[in-house]
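Q: for reference, the sequence and a predicted model appear below.
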Amino acid sequence: MLDNRGFDLWADGYDHSVGLSDEENTYPFAGYKDVLGSIFQIIMQKPNAMVLDLGFGTGTLTTKLYEHGCHIYGQDFSKSMIDLASEKMPEAQLYQGDLSTGLVEPLRHEAYDFIVATYSLHHLTKPKKISFINELLELLRDHGEILIGDIAFETQEDQQRCREMAGEEWDEEEIYFIIDELKQNFPQLRFQKASFCAGIIRIEK
């Protein structure tokens, strides 16, 4: 797992690295473009939406939302990523902070139509994922929605098959979403599969 300095060093080549994995349909980023494209289309159904992006990286998704009239708030723990994203979205409200310790204070006092997290929450343990999602639900406007695009598997068996296929590439330090398990805490959850190792978790308030 990379720390914030690791992501700082990776920032310039991040989009390229992800793109190669997606194009070659390999773990971990197979389905990445479909995930981001689908989230974009969901959010575009509500004009001028208030969007909180958690772990926005270089702003690949949020820049498109910003350009189409969304009001963007965000948190990322890499200063270099924030600098890159700020150049693309000068009026966005972007803050530095580690998601494992929760939201930074200014972001806790807004209400959002959508809260987005793409490939940023698999560093959290299962209990932290559950408690964090519950906290985020409280920040949604009526009929707002959490959209988590990430490495995710419908069952433990699906994850094990991917693990065997990935071999040495498998990241033992990351904790992926298992949909069957998550539905026990969030029965309203819907899952849109994007590839053998990715999809969109949708949790409406």
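A: Sure, I can see it.

Q: secondary structure element holding the closest residue to Leu36 other than its chain neighbours?
A: Of all residues not flanking Leu36 in the chain, Leu61 sits nearest, at 4.8 Å (CB to CB, 6 or more residues apart in numbering). Every residue, glycine included, has its C-beta placed from N, CA and C. Leu61 belongs to helix 60-67 when assigned by DSSP states H and E.

Q: if we can go back for a sec, hang on, isn't the residue nearest to Leu36 packed against Gly37?
A: No: Leu61 lies out of contact with Gly37 (CB atoms under 8 Å); the separation is 9.0 Å.

Q: hang on, Arg163 in a strand?
A: No: according to DSSP: H, G, I helix; E, B strand; the rest coil, Arg163 belongs to no strand; its state is helix.

Q: how about residues contacting stretch 46-56?
A: 43, 61-62, 65, 69-77, 81, 85, 94, 99, 103, 107, 110-121, 139, 141 (CB atoms under 8 Å, 6 or more residues apart in numbering).

Q: where do the strands sit along the chain?
A: Ranges of strands in the chain, per DSSP state E, are 50-54, 71-76, 93-96, 112-118, 140-153, 177-178, 190-195, 198-204.

Q: export these to CSV and append columns for distance to Thr125 and mean neighbour count.
A: Listed next are these as CSV, based on distance: least, CB to CB, whole Å; neighbours: other CB atoms under 10 Å:
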stretch, distance to Thr125, mean neighbour count
strand 50-54, 16, 24
strand 71-76, 19, 23
strand 93-96, 22, 16
strand 112-118, 15, 23
strand 140-153, 15, 21
strand 177-178, 12, 20
strand 190-195, 20, 18
strand 198-204, 17, 21
